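Chemist: The sequence and its predicted three-dimensional model are supplied below.
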Amino acid sequence: MRPIARTARVLLVEDDPAVGGAVKALLEATGFEADLAPTGRRGLALVDETAYDLAVLDIVLPDISGIDVLRDMRRFHRLPVLLLTARSSSRDKVDGLDAGADDYLVKPFDPAELVARLRALLRRSGKLDTEPRQIGAFRLDPSTRALSCGEASVVLTQREVDLLETLASVPGKVWTRSQLLSAVWGYDTDVDDRTVDSTVKRLRKKVECLAQEAGADAAGGGDGAGTAPAVRTLYGVGYRLEGVRW
């Protein structure tokens, strides 16, 4: 899993030592700095002491609920917050949204999806690094939305940039439509699977046209470092970006 280019600091409020330790290790392995708080009150104390870029909150905590922690945070802090919980009912999601949550992920979760959602929150808050990066043989400049290879280039929409970065964040991973909806559009979006399909179709066309214009080798040849990426459809499952490794 590719580390983020800019180090972002995350507050993780989780009372289960096994889950908390695993998530903290995951975040640090992917380039975040992470502080773990085992109780809601400890989390509130830390957020008052430290400038965090993000917070990940469990709903069920031993002292006060994660919803109450979130409401208290929202009185003084505007950092993006993702609720990480075993509760999956619609009522819980509505309560979290009403309290000011920016995203919601149910345990057990896909580690790559958690990282992708945190990246998406950073993008929306303007805190994600915008330095150009290599994606296979292509170079993506998020600040200008330009995707280039040699002298050839195409301009992506912001949603296409977000989609490409999500697909490229874990080489070889198959992303379901629901995962892409959550990571790219946000969990409270009113778009559906057809929006994902149409955005993937537009991105794929631009990627293929750029590869053809630049004369880059198609994905599947070599080790992936210098080949043109390709968006593949796995029918009935989702999408995968090929031709990329980190």
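Modeler: Nice, I can see it. Residues are numbered from 1 along each chain as shown.
Chemist: what's the distance between stretch 203-221 and the middle of its chain?
Modeler: 25 Å (Cα atoms, centre = their mean, to the nearest Å).
Chemist: If you could redo that for stretch 103-115, that was the one I meant.
Modeler: Worked out by Cα atoms, centre = their mean, stretch 103-115 lies 10 Å from the chain centre.
Chemist: How far does that stretch stretch from one end to the other?
Modeler: Stretch 103-115 has an end-to-end distance of 12 Å (Cα to Cα, to the nearest Å).
Chemist: And for stretch 228-240?
Modeler: End-to-end distance of stretch 228-240 (Cα to Cα): 14 Å.
Chemist: Just the CA atoms of stretch 172-183, as PDB, please.
Modeler: Taking Å, rounded to 0.1, in the frame of the first residue of the first chain, the C-alpha atoms of stretch 172-183 are listed here in PDB:
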ATOM      1  CA  GLY A 172      -3.800  -4.900  -8.000                       C
ATOM      2  CA  LYS A 173      -6.700  -4.400  -5.600                       C
ATOM      3  CA  VAL A 174     -10.200  -4.900  -7.000                       C
ATOM      4  CA  TRP A 175     -12.500  -2.100  -5.900                       C
ATOM      5  CA  THR A 176     -16.200  -2.700  -5.800                       C
ATOM      6  CA  ARG A 177     -18.600   0.100  -6.900                       C
ATOM      7  CA  SER A 178     -19.800   0.700  -3.300                       C
ATOM      8  CA  GLN A 179     -16.100   1.100  -2.100                       C
ATOM      9  CA  LEU A 180     -15.400   3.600  -4.900                       C
ATOM     10  CA  LEU A 181     -18.600   5.400  -4.100                       C
ATOM     11  CA  SER A 182     -17.600   5.800  -0.500                       C
ATOM     12  CA  ALA A 183     -13.900   6.600  -1.200                       C
END
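Chemist: Can you mark which positions in that stretch are buried?
Modeler: Neighbour-count burial for stretch 172-183, counted by 16 or more other Cβ atoms under 10 Å, picks out 173, 175, 176, 177, 179, 180, 181, 182, 183. (C-beta placed from N, C-alpha, C; glycine too.)
Chemist: show me the contacts for residue 43.
Modeler: Applying Cβ atoms under 8 Å, 6 or more residues apart in numbering to residue 43 gives the contacts 11, 13, 37, 55, 57, 69.
Chemist: scratch that, residue 178
Modeler: Contacts of residue 178 (Cβ under 8 Å, 6+ apart): residue 193.
Chemist: on that earlier part again, in JSON lines, list the contacts of residue 43 along with neighbour count.
Modeler: Listed next are the contacts of residue 43 as JSON lines, based on neighbours: other Cβ atoms under 10 Å:
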{"residue": "11", "neighbour count": "24"}
{"residue": "13", "neighbour count": "29"}
{"residue": "37", "neighbour count": "23"}
{"residue": "55", "neighbour count": "28"}
{"residue": "57", "neighbour count": "26"}
{"residue": "69", "neighbour count": "27"}
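Chemist: correct me, but residue 227 touches residue 214?
Modeler: No: Residue 227 lies out of contact with residue 214 (Cβ atoms under 8 Å); the separation is 11.5 Å.
Chemist: Can you pull the residues that touch both of the two?
Modeler: In terms of Cβ under 8 Å, 6+ apart, residue 227 and residue 214 are both contacted by the residues residue 137.
Chemist: Pick out whichever of these two has more residues nearby.
Modeler: residue 227 (22 against 17; other Cβ atoms under 10 Å).
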